[in-house]
Structure formats: structure tokens, C-alpha cells
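Participant: Sequence first, predicted coordinates after that:
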Amino acid sequence: MSLHLSNIHQGYGSDVIIRNLTIDLKRGVIGLLGPNGAGKSTLLRTMATIMPPKSGEISLDGTVIRDERAARRARNEIGYLPQNFGYDPGMRVIDFVQYAAWLRGVPPSDWRASSMSALEKVDLVESAATKMKKLSGGMRQRAGIAWAIVGNPSLILLDEPTVGLDPRQRLQFRKIITSLRNSTVVLSTHLTDDIDAICDRVIVLHGGEAKFDGSVSELSATARADLPGNSDLERGYMSLLPAEEQRL
Ligand SMILES: Nc1ncnc2c1ncn2[C@@H]1O[C@H](COP(=O)(O)OP(=O)(O)OP(=O)(O)O)[C@@H](O)[C@H]1O
């Protein structure tokens, strides 16, 4: 699967959030890094085809997504987990995931098996019959990941999936993501540790533009010793910010 964004402009009303962005997404785990308000969620929504760009083109495997009909077809290949995803608190975990299977066009005869397979990947099989409201934050986040991966979409978009997870849950999350390497996974995060541990590629968004697009080691290599940070990756990130934001 490849998703190509070409000269994308995106925003809300007259507010421009993303300017002239061109990126190609291919197999692997891609981290989206940037300050609050940089437009990471907006970009993920755009990639998920639920927010059509103001201008520019998005194509999935070479086919341009021109209208809602094409977007709906593309969404069968896309598993998107928004930052604060909604759910019916009284719904059982299995029903929550089966609902995503239905949305993604999985044939009804496969809903249960594909949902159980997704729950297995996130280690929630034993909680399949538990109501969503009874889950801990980390379990809920894993149910969300099951929602995003059910039906094996080739593009998985996760908006700040590690927020609120304890250290062990974050390690579990990394294990899950590593097992998805054969798909294209894009995740936004503020945690450089997560980027370092699981991402093959990192895109730094700032001021509506991709200030960096490359490997984690390439970003670390841009580190300047005089900048604040506890790792080369953090100092590399700081080196991309405007001078006035490089001091604490
Ligand atoms: N639905 C909306 N309507 C109007 N403006 C919005 C909307 N959603 C986001 N914005 C604005 O767009 C800008 C980018 O927001 P976005 O949530 O995409 O950034 P982000 O990088 O994901 O931020 P964070 O790291 O805080 O989650 C912000 O200025 C925000 O206020």
C-alpha cells in the first residue's frame, strides 16, 4: 500500500494549518512529531480521508481520491483511531471491534473471527465480553488499537495512542506496533522514546510544513550539543525549531 499526498493545503475556515505538503507513505512505522497545535491530528484526519484537503491530491495505490465515494472505498483499507475516540460505554469489547469490522466492509461471516484475531493481537481476548466502560485506560487504548487493525487495513493511523499508558502498557503497545510492521502505520506522539523504540521513519511537522522527513538516526544526527535535551533525538528535534523556541 502507498498513500501519496501531493501539494496538500489544509485548514479550518480561513486558518491555514498545513501548507503545500507532499509526502509518500510506504510500509513501516512512521512517527509524526511536532509541538501542540502543529497540525498532527489534522494531518491524520486528512490521511484518513475524513477531512478532504482544501487543495492538493491524495492517492491510494496510485488512484486519486477525488470524491466522497472514492474516499469511502479507500476507508476499507484504512484503520484510523482518533485521539479521543468515542464508544458506547455499555457496548462489549467484541461488539466495539465488530462495529469497526462492519464499517471497514469486512463480510458479516468474518466479523467475529476477524474481531477475535484483532483482540488477540492486543491481548484482550479474555476481555471480549467485558463492557467498554469497565476497561482500564490502557485496556481501552488497546481496544482502540483493535478497532484500528480489525480486517487488516493496509494503512493504520493512530493519533497519540500512548497517552495515559503506564510504562508496562507502553511496552505492550510497542510490541503490538512492531508486529504490524508489514502494514503502513502512522502514529502521532509527543514521546521521543516511542519514536526511538518503534519508528522506521519520523516526520516533524511545524508551522504547517514537514521540517524533517527521514530516519530516526538521521534526525538524531542533526542534534547540536548546545541545545537542551536528554538524547540526540530530543536535541535533533530541538534543532529544527525556530531559534526562539530552542531555549527553555
Ligand atoms: N475542528 C477544528 N476547528 C477549528 N480549528 C481546529 C479544529 N481542530 C483543530 N483546530 C486548530 O488547528 C490547529 C492544529 O490542531 P491539531 O489538533 O491538528 O494539532 P496537533 O498537532 O494534533 O496538536 P496536539 O499535539 O495538541 O494534539 C490548532 O490551532 C487547532 O486549534
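Facilitator: That came in fine, so what should we check first?
Participant: where does this protein have low pLDDT?
Facilitator: Within the chain, not a single segment meets pLDDT under 70.
Participant: Would you map the helices across the chain?
Facilitator: 40-47, 68-75, 93-103, 111-121, 137-149, 167-178, 192-198, 216-221, 232-240 (DSSP state H).
Participant: Centre of the chain to the third one, how far?
Facilitator: Helix 93-103 has its average C-alpha position 19 Å from the chain's average C-alpha position, going by C-alpha atoms, centre = their mean, to the nearest Å.
Participant: Check which helices and strands that helix sits against.
Facilitator: Helix 93-103 sits against helix 111-121, helix 137-149, with contacts defined as 3 or more C-beta pairs under 8 Å, 6 or more residues apart in numbering; DSSP states H and E. The way it works is simple: take the backbone N, C-alpha and C, and place the C-beta from them, glycine included.
Participant: And it, what's buried?
Facilitator: Val93, Ile94, Asp95, Phe96, Val97, Gln98, Tyr99, Ala100, Ala101 (16 or more other C-beta atoms under 10 Å).
Participant: contacting residues for the third one?
Facilitator: With contact taken as C-beta atoms under 8 Å, 6 or more residues apart in numbering, Asp95 is in contact with no other residue.
Participant: ok, back up a step: out of the helices and strands packed on helix 93-103, which gets nearest to Gly13?
Facilitator: When the helices and strands packed on helix 93-103 are compared for distance to Gly13 using C-beta to C-beta, the nearest one is helix 137-149, at 29.1 Å.
Participant: and the angle from the closest one to helix 93-103?
Facilitator: 30 degrees (axes from the mean of the first three to the mean of the last three C-alpha atoms, to 10 degrees).
Participant: what's helix 137-149 packed up against?
Facilitator: strand 78-81, helix 93-103, helix 111-121, strand 155-159, helix 167-178.
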